[in-house]
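[1] Just a sequence and a predicted model for now, questions to come.
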Amino acid sequence: MNKISSILNGKSNELWSVKSDDLVHNAIRLMAEKGIGALLVIDNGKLSGILSERDYARKIFLENRSSSTARVSEIMTKDVMTITLDNSVNECMSMMTENDFRHLPVVENEKVLGMVSIGDLVKAVIKEQQFTITQLEQYISG
C-alpha cells in the first residue's frame, strides 16, 4: 500500500496555517478562499493544533459566539494525532475512522511537512486499485 510520502509528493508544497492567536473569522475566511476544510495551527514553527470546519460549527456557530472576537486557540483541536512520511494509507485511514476526524498533519522531527485529508487517502486507494485492474487485464489478455 502507498506510503504518505507518495501522497505528499503529488500535492502542492503550500501549507495553509494560522497562529493560535489569530481571529477565527480570518481563519475561516482563509479556508473559504483556499477551498479547504482544515488549517494547521503553527506557533513558533511547531504544530499547536488544527482548526477544522467542525471546530467552528460546534464551538462558534452552535454556541452563538462571534468569530470576529474569538481566537483560534479557543476552539482549535489541541491534542492532534500526527503521522510521518512512512505511515501507510491503510494506517491513516484506520486512524481517521477510529478517531472520527478527516485530516492528519504529517510531522517529522517536530517539523510540519504537510497534511493529508480523507479525500487524499481515498484518491490514493482508487489509483492503486485502478493500477491493479490494469495489470490484471494485461495479464489476462496475454
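    Arrived safely.
[2] Run a quick neighbour tally on the closest residue to residue 73 other than its chain neighbours.
    Spatial nearest neighbour of residue 73, excluding adjacent residues (C-beta to C-beta, 6 or more residues apart in numbering): residue 20 at 3.9 Å. Every C-beta, even on glycine, is put in place using the N, C-alpha and C of the backbone. Neighbourhood size, residue 20 [other C-beta atoms under 10 Å]: 16.
[3] Now do the phi/psi pair for residue 20.
    Backbone geometry at residue 20, expressed as degrees, to the nearest 10, gives phi -70, psi -20.
[4] I'd guessed it sits against residue 49; true?
    Yes - counting by C-beta atoms under 8 Å, residue 49 is a contact partner of residue 20 at 6.8 Å.
[5] Pull up the overlap in contacts between the two.
    41, 72, 73, 76 (C-beta atoms under 8 Å, 6 or more residues apart in numbering).
[6] Just list the residues touching the last one, thanks.
    Yep, that's residue 76 we're talking about. By C-beta under 8 Å, 6+ apart, the neighbours of residue 76 are 20, 41, 48, 49, 50, 51, 55.
[7] then the helix or strand encompassing the second one to CSV, C-alphas only?
    To tie it back to what came earlier, the one meant is residue 41. When secondary structure is defined by DSSP states H and E, residue 41 falls within strand 38-43. Extracted C-alpha coordinates of strand 38-43, given in CSV (Å, rounded to 0.1, in the frame of the first residue of the first chain):
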residue,chain,number,x,y,z
ALA,A,38,-9.0,22.5,8.0
LEU,A,39,-5.9,24.6,8.8
LEU,A,40,-2.8,23.7,10.7
VAL,A,41,-2.2,25.9,13.7
ILE,A,42,1.5,26.6,13.9
ASP,A,43,3.2,28.7,16.5
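[8] Can you point out the buried residues in that strand?
    Neighbour-count burial for strand 38-43 flags 38, 39, 40, 41, 42 (criterion: 16 or more other C-beta atoms under 10 Å).
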